[in-house]
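> A structural model of the following input is requested.
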Amino acid sequence: MSFRMRFAAEDLLRCRFAISPLRETQGAIRTLSRPDRHGYHLPWLRQVRGAAAGLDLAPLWLLAPDHGHPPDFLHPPPQAPLGTLDDELDVVRATDPDEAHRQIQAALAQTPGAEHGKRGRAMLADPAGTVRQLAGLYEHVWAALLAPHWPRLRAVLEADIAYHARRLADGGMQRLFTALHPKLSWSEGALTAAGHTSHLPDFNGQGLVLVPSVFFWPEAGNAFDPPWQPTVVYPARGIGGLWAETGPTASAAMIALLGANRAAILSGLDAPSTTTALAHRHALALSSVSAHLAVLRDAGLLASRRYGHQVLYERTPLGIALTTGGLF
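Modelled structure (predicted):
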């Protein structure tokens, strides 16, 4: 990632966050082939090893080598704050065959000999069919590797957006961008990636889409090619505990005061979470978690806020003091 882009007033008004199931699917595929990305995701990798072995990912890896750039039509910017994989793949499938041919050819050129190999020739001979094949493969990857875990992943992504939205409200664009990634900075109306070598074209009033990802760590990436809306993908907060089966252990004093389940829920709320995510994390029924959250909120230990159709719960200062031992 290397760029410097200046924002006009209209661009600032059109900056937005979005969650992209397609980006997560692409990140998961790349994680499978990149040992340097395995650290945080080893529990997931162990769970999906068998399912992944049954997928033919060669076409996707051919078009997206480790140090290459995949065709732009495979990662359109999400159009909604929380769309579905089907929504995004509809955009992929609508790619003009001539444009798909051009981008596939450019992607194959990153790997010596790929354009003239059997698979590469087949892709170029039928770009429309290749687009359909790739979209279908993403569907298979999603169903096998990500759909069973999506509530957990989505909770982390939504919590990340809630956190950064608060930073934006507290300190403006500079406070927002400096927390997204160590290489990103904001100064004098421009977003800069460390080590930038060139200025990119103006946004032309399109604004910027910010997309958190659990699988993109430790990198951050950008896509600015027309006609797409400029997009920055960055690692979501909270991935260190993403695959943990339980949260931090509650103290004996907390358990005596609140009961085991409420103490566990409160102790595990290091980041804002939804009822569904908490039910999955603590292996409790949704109705039970909802009841516990209501009690904790009424006691002043939790606060709730709505993000889209989801309600996120987080600890209040009193709840933080209780879980860190400040009241015992």
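
> wait, doesn't Met5 sit right on Ala190?
Yes - under the contact definition of Cβ atoms under 8 Å, Met5 touches Ala190, with a separation of 6.4 Å. C-beta: built from backbone N, CA, C; applies to glycine.

> So for these two, which residue has more residues nearby?
Counted by other Cβ atoms under 10 Å, Met5 and Ala190 do not tie: Met5 has more neighbours, with 21 against 14.

> so how far is Ala107 from the more buried one?
Remark: distance between Met5 and Ala107 (Cβ to Cβ, to the nearest Å) = 24 Å.

> now Asp90
Distance from Asp90 to Ala107, counting by Cβ to Cβ: 21 Å.

> out of these two, which sits in the busier spot?
With neighbours defined as other Cβ under 10 Å, Asp90 and Ala107 compare such that Ala107 has more, 23 against 14.

> Against Asn222, how distant is the residue nearest to Pro182 when sequence neighbours are not counted?
If you skip the residues right next to it in sequence, Pro182 has Ala194 as its closest partner in space, 7.6 Å away by Cβ to Cβ, 6 or more residues apart in numbering. Ala194 sits at a distance of 13 Å from Asn222 (criterion: Cβ to Cβ).

> now swap in Ser185 and tell me
Using Cβ to Cβ, one obtains 14 Å as the distance from Ser185 to Asn222.

> Would you list the phi and psi of His181?
Comment: the main-chain dihedrals of His181 come out as phi -160, psi 140, following degrees, to the nearest 10.

> neighbours of it, just the number please.
The local packing of His181 (other Cβ under 10 Å) involves 21 other residues.

> just use 43 as the starting number from now, easier for me
Let's use 43 as the start, then, which means that last one is His223.

> Which stretches in the stretch 243-370 of the chain count as helices?
Under the criterion DSSP state H, counting those that start in this stretch, helices of the stretch 243-370 of the chain are mapped to 294-300, 302-309, 317-324, 328-340, 359-365.

> still on that earlier bit, shouldn't the residue nearest to Pro224 be in contact with Thr220?
No - counting by Cβ under 8 Å, no contact exists between Ala236 and Thr220, whose distance comes to 11.8 Å.

> where do the contact lists of these two overlap?
Counting by Cβ atoms under 8 Å, 6 or more residues apart in numbering, the residues touching both Ala236 and Thr220 are 226-227.

> if you count what's nearby, which of the two comes out ahead?
When Ala236 is set against Thr220 and neighbours are counted by other Cβ under 10 Å, the residue ahead is Thr220, at 15 against 11.

> quick one: the more buried one from Asp312, how far?
From Thr220 across to Asp312, the span is 21 Å (Cβ to Cβ).

> Just list the residues touching Leu195, thanks.
Residues in contact with Leu195, defined by Cβ under 8 Å, 6+ apart, are 66, 188, 256, 284.
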